[in-house]
Each structure stands twice: as structure tokens, then as C-alpha cells.
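In: Need coordinates for the below:
(one chain, ligands or ions: 1)
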Amino acid sequence: MLALVWLGFGLIIGSFTNVLILREGTDALKGRSACPLCGKKLEVRDLIPVLSWMFLRARCRACDAPISVQYPIVEMVVGLGFFAIGSTVMSLFLKLIACAMVVFLVAIAVYDLYHMLMPNAWVWAWNGLALMLTCVWLLQVGADYEQYVLALGWGIAVAAPLFALHFFSRGAWMGFGDVKFALGIGFLLGPYGFLALFYAFLSGAIIGLLLVFFSSERGASVRALVTPTQGSGESAQKVTMKSEVPFGPFLIFGTLLVWFALLHAHMPILSFLGGLPL
Ligand SMILES: [Zn+2]
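Out: A predicted model of the protein is given here:
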């Protein structure tokens, strides 16, 4: 029952996460949201997470402009993240830190998807919160000081392979934002951080190959079946092996997968393909 409160709280915070993503780089977070096309200010009934988008059938009430599916998806992912955190046995303070981390994870993933860039302030907020969560937890279980040093060490260890990729490819294979972001993965997950990296590369490879296939000649017929209105596909953006695909969303997918599996102790997911025994 209480977990449902966390879900509702998450849906509302998810709504603010959309605002955070949309207004990054602009002057302020204040002021009511408006339709970007006609400028009509949104009414209170247009601000209900997920439901407003559905009732408006993804269109602006005033000018019929389409409203991106990003909005309900972000709201649902943040809502479910809060739900998953709310239903663990962590202390309230740890839950609140964890929820803030979910907000930054989702915001970074969506921003990176659109802009091929991770906002520096968000990456350091994520790193700081991840380290804070681990330190508060270590404090609660009365760990030795070595454990704190170890947490820092795991951050550097998990970021190291990404730094190597970044360094030896001169930034072509891996952005420096991804390297900095991986510090937080190690702070949070320790040795399991490598499992998160594994899932990031695996999911990235699968999606990457699918994108290459669907933009190839052979994929054109499959694409035509899926989206018959899109024509010959000449206008569609071609994706080749050389195209840049942001890695952030995959890093974040891997992190959330391993983190939530650990939180809920779903060992089958962890033991699948090389979970590390602690
Ligand atoms: Zn409008």
C-alpha cells in the first residue's frame, strides 16, 4: 500500500523530470509549462502524469500539435523506479537519496538520447548521490574506514575500462561524459558495476545491430511492413556502423537493471552471465 504512495510520488516527480530535461540550458525552471507551438499555458487538468497525455490523445488542447511520447514514458519510468525503491527495506533517508538518483539517471538518459551529451552538473550530481548513498549505508552498518576507501576504488576501477576506450580512440568510441558517469556506477555497485557495464555493452550492441539492419537495404522491406506509411525510406535517417549512438542510455539501463536486481535480491538475474560473488 505504501509502495503505491511512492508510485504516485514518482509519477509527479517524473513530471518535473520532464521539465528539467526540457529546460536544461535555458534560464529558469520556474513558470508554468506551455505548448511549444501555440504557447498556450497548460491547465491543471493537463498536468496529471500519464493520464493527461492519454486523455488528450497526445495532442495539444488548443492547436492539436502532437505531444511527445517522451512525457508519459519518463513519468512512468520515474514512477516505477520510486515504486521499486519504496518497496525495499532501506531507511527513509536512503530511499530519498535513491529516488533522487533515479531522477538524474532518467534525465541523463533522455538528454543524452537527444543531444549526444551528458550535462556535466547532472553527471556530478549522480556521482555525488551514489557516493553519498554508499557512505550512509556503510555508516548505518558500522563499516570500517577501509570500506569507504574501497567504494572510491571501485568507482575508479569501473570507470577505468571506459577511460581506456576513450583514451585510445581519442574520444571516438567513448565520450568523456560516459567515463565520468561510470565513477558513480562503481561507487554504487562496487564489483557489480562491471556487470552493469556488461549489460550496457550487450544492450548497446543489440540495439546498434537492429538499427543498422533496419536502415540497410534488406531491412527496408521489414521497415515497410512495420511502418507502411513511411515510403521507400529514402527520407529516413540512415544508420551505419559508423553512426554515433549515445552510450549513456545503455549505461543507465545496465546500472538500473543490476541495482534493482541487487535491491530486490533477484539472484537469477545476477548469476546469469557472470554475477560476481561478494
Ligand atoms: Zn498548442
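In: Outline the domain layout of this protein.
Out: The chain breaks down into these domains under automatic domain parsing: 1-87, 117-278.
In: what's the closest of these to the ion?
Out: domain 1-87 (3.0 Å; C-beta to the ion). All C-beta spots, glycine's among them, are computed from the backbone N, C-alpha and C.
In: what's the first-to-last distance across the closest one?
Out: By C-alpha to C-alpha, to the nearest Å, the extent of domain 1-87 from end to end equals 9 Å.
In: Work out the gap between it and the centre of the chain.
Out: 16 Å (C-alpha atoms, centre = their mean, to the nearest Å).
In: okay, and for the stretch 1-150 of the chain, where does confidence drop off?
Out: Scanning the stretch 1-150 of the chain for pLDDT under 70 picks out 27-29.
In: try the stretch 151-278 of the chain
Out: 218-244, 266-278.
In: Close to the ion: what parts of it are there?
Out: Within the stretch 151-278 of the chain, no position is adjacent to the ion by C-beta under 5 Å from the ion.
In: ranges for the strands of the stretch 151-278 of the chain?
Out: Counting by DSSP state E, counting those that start in this stretch, the stretch 151-278 of the chain has no strands at all.
In: Quick one: the helices in it, in order.
Out: Ranges of helices in the stretch 151-278 of the chain, per DSSP state H, counting those that start in this stretch, are 176-189, 192-214, 217-226, 248-263, 267-271.
In: With mean neighbour count as extra columns, can I get those in a markdown table?
Out: Formatted as a markdown table, the helices of the stretch 151-278 of the chain follow (neighbours: other C-beta atoms under 10 Å):
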| stretch | mean neighbour count |
| --- | --- |
| helix 176-189 | 25 |
| helix 192-214 | 18 |
| helix 217-226 | 12 |
| helix 248-263 | 22 |
| helix 267-271 | 13 |
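In: Put together JSON lines for those, with distance to residue 31 on each row.
Out: Shown next, in JSON lines, are those (distance: least, C-beta to C-beta, whole Å):
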{"stretch": "helix 176-189", "distance to residue 31": "29"}
{"stretch": "helix 192-214", "distance to residue 31": "36"}
{"stretch": "helix 217-226", "distance to residue 31": "39"}
{"stretch": "helix 248-263", "distance to residue 31": "28"}
{"stretch": "helix 267-271", "distance to residue 31": "42"}
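In: Just the terminal-to-terminal distance for stretch 85-100.
Out: 11 Å.
In: Name the residues of it that come out as buried.
Out: Residues 85, 86, 88, 90, 94, 95, 97, 98, 99, 100 are the ones in stretch 85-100 that count as buried (16 or more other C-beta atoms under 10 Å).
In: Now the two most distant members of these.
Out: 88 and 100 (15.2 Å; C-beta to C-beta).
In: The residue of the stretch 101-250 of the chain at minimum distance from the ion and residue 61: what is the separation?
Out: Ranking the residues of the stretch 101-250 of the chain by distance to the ion (C-beta to the ion) places residue 114 first, at 20.5 Å. Going from residue 114 to residue 61 by C-beta to C-beta, to the nearest Å gives 25 Å.
In: same thing with residue 127?
Out: 40 Å.
In: between these two, which one's more packed in?
Out: residue 127 (22 against 17; other C-beta atoms under 10 Å).
In: check contacts around the more buried one.
Out: With contacts defined as C-beta atoms under 8 Å, 6 or more residues apart in numbering, residue 127 is in contact with 155, 180, 181, 183, 184, 187.
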